[in-house]
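Q: Sequence and predicted structure are below.
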Amino acid sequence: MMFLPESKWSPRYETQFYTIRMNTYTILNKPTPSSDDTTTTFGTDECSLCNHNNKFPAVYYKIEVLRGNTQHTCLRRYSQFLYLSNKIHVTTEKDTMHKRRHLPPKTGPFHRDSPEFLEERMEGLYKFLMDVLLRPECVNNTWVEAFLELGGSDENL
């Protein structure tokens, strides 16, 4: 599968090409009932959507993945971006990833509900993800595919 920036992607392309959008977030005050958007997992149980964590409210970033004429949405917490970053760093050559874009800072006690901070962090997470997706060594990376749910079904994650 090949990633293309949104400016170079078209729905006419076949499903081996994909792009992403990330321009919204949501704050959940408590775990929500199961639905397609909230039952997805990434990697291991420690990175399930709620991270088996009762710390709420929690901020989830909405990633739209577009492939051919299909689209699906992934909701991801900051901790899942951190998990992806750590996994990619381990599974790729260190000499190419040492120049990797770093994640934006985690929330502090005074920033948690600040819309300005959350917008800025979302922008930083998007830049991090774009940096990862544009690296040749991350093409077809199993961690990236799981993070974006690019497999055939959630059972494969």
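A: Arrived safely, thanks for sending. Numbering: from 1, shown residues only.
Q: Run through the strands of this structure in chain order.
A: With DSSP state E as the criterion, the chain has strands at 2-3, 17-28, 58-67, 70-76.
Q: neighbouring strands for the shortest one, and are they parallel or not?
A: What it means is strand 2-3. For strand 2-3, the paired strands and their directions (DSSP bridges) read strand 17-28 (parallel).
Q: between the partner strand and strand 70-76, how many degrees?
A: 40 degrees (axes from the mean of the first three to the mean of the last three Cα atoms, to 10 degrees).
Q: Strand 17-28 vs strand 58-67, what angle?
A: Going by the same axes, to 10 degrees, strand 17-28 makes 160 degrees with strand 58-67.
Q: Give the buried residues for strand 17-28.
A: 17-20, 22, 25, 28 (16 or more other Cβ atoms under 10 Å). All C-beta spots, glycine's among them, are computed from the backbone N, C-alpha and C.
Q: hang on, the earlier thing: quick one, which of the strands of the chain gets closest to Cys138.
A: For these, proximity to Cys138 was assessed by Cβ to Cβ; strand 2-3 is nearest, at 8.5 Å.
Q: can you give me the mean pLDDT across the closest one?
A: Mean per-residue pLDDT for strand 2-3: 91.
Q: Sounds good, over and out.
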